[in-house]
Every structure is written in C-alpha cells, then in structure tokens.
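# Predicted model follows, preceded by the sequence.
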Amino acid sequence: MPIYVYEAKEPKKGCAKCAHGFEIVQSIKDDHLKVCPDCGAEIYRVLQPSWLNHSKTDLHYRAKRAGFHTLKRVNKGEYEKMY
C-alpha cells in the first residue's frame with residue numbers, strides 16, 4: 001500500500017500534525033483526505049517524486065561497461081581513480 005503525504009492548505013490554521021505535513025498509508029482505491037483527522041483543517045495531498053530511480057551501483061556498473069572512469073575524493077583537491 002502506498003504512503004501519501006498531506007499538508008494543511010493554510011498552515012497557520014492547522015494543528016502541529018498537518019501544518020508541517022504528515023504521512024498516511026492508504027489504498028490506491030481510497031479517496032483522498034480532504035480534512036485533517038486531528039483538527040479538521042483543510043488539507044491537500046503533496047505530490048512525491050517517483051520511486052522508480054536507478055540505483056547508484058547500477059549507474060557505476062553501466063558507466064564502467066561503457067568505458068568511463070570514476071574518481072573518488074580522497075582529500076581536498078586529491079582524487080583516486082576507482083576504475
């Protein structure tokens with residue numbers, strides 16, 4: 001089940017929970033919340049970035065396969081070749 005983030009439309013009128021935003025687990029079939037369950041203030045669902053990203057490991061593997069090199073920072077101004 002996905003986790004949705006909700007925030008108050010007017011943070012000054014909301015409680016501590018909805019003024020700063022809160023997460024809630026809901027089914028995709030459930031309707032969006034319209035009011036805060038604690039204080040009744042008007043809320044909206046915040047759009048979150050997609051979870052479908054490439055892992056850092058996968059990107060390094062693909063770069064190495066393509067013949068690129070990666071440098072790792074050792075000290076200020078000093079780098080070490082990883083591959």
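Okay, I see it.
# same for the helix or strand hosting residue 4, what does it pack against?
Assigned by DSSP states H and E, residue 4 belongs to strand 3-8. Applying 3 or more Cβ pairs under 8 Å, 6 or more residues apart in numbering; DSSP states H and E, we find strand 3-8 packed against helix 16-19, strand 22-25, strand 43-46. In this view, the C-beta of every residue, glycine as well, is placed from N, C-alpha and C.
# in it, what's buried?
Residues of strand 3-8 classed as buried: 4, 6, 7, 8 (neighbour count, 16 or more other Cβ atoms under 10 Å).
# Just give me the neighbour total for the closest residue to residue 36 other than its chain neighbours.
Excluding the flanking residues, the one nearest residue 36 by Cβ to Cβ, 6 or more residues apart in numbering is residue 18, at 4.0 Å. Residue 18 has 26 neighbouring residues, counting by other Cβ atoms under 10 Å.
# same thing with residue 73?
Count around residue 73 with other Cβ under 10 Å applied: 9.
# So it sits against residue 79, correct?
Yes - the criterion here is Cβ atoms under 8 Å, and residue 73 meets it with residue 79 at 5.7 Å.
# Please parse this protein into its domains.
3-46, 53-83 (automatic domain parsing).
# With respect to the ones you listed, which exhibits the lowest mean confidence?
Lowest mean pLDDT within the domains of the chain: domain 53-83, a mean of 77.
# Centre of the chain to stretch 29-42, how far?
Offset of stretch 29-42 from its chain centre (Cα atoms, centre = their mean, to the nearest Å): 21 Å.
# Buried residues in that stretch, which are they?
33, 36, 41.
# So which of the residues you listed sit within strands?
Among the buried residues of stretch 29-42, DSSP state E puts none in strands.
# Mind putting those residues into TSV with distance to residue 66?
Formatted as TSV, these follow (distance: Cβ to Cβ, whole Å):
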residue	distance to residue 66
33	46
36	50
41	52
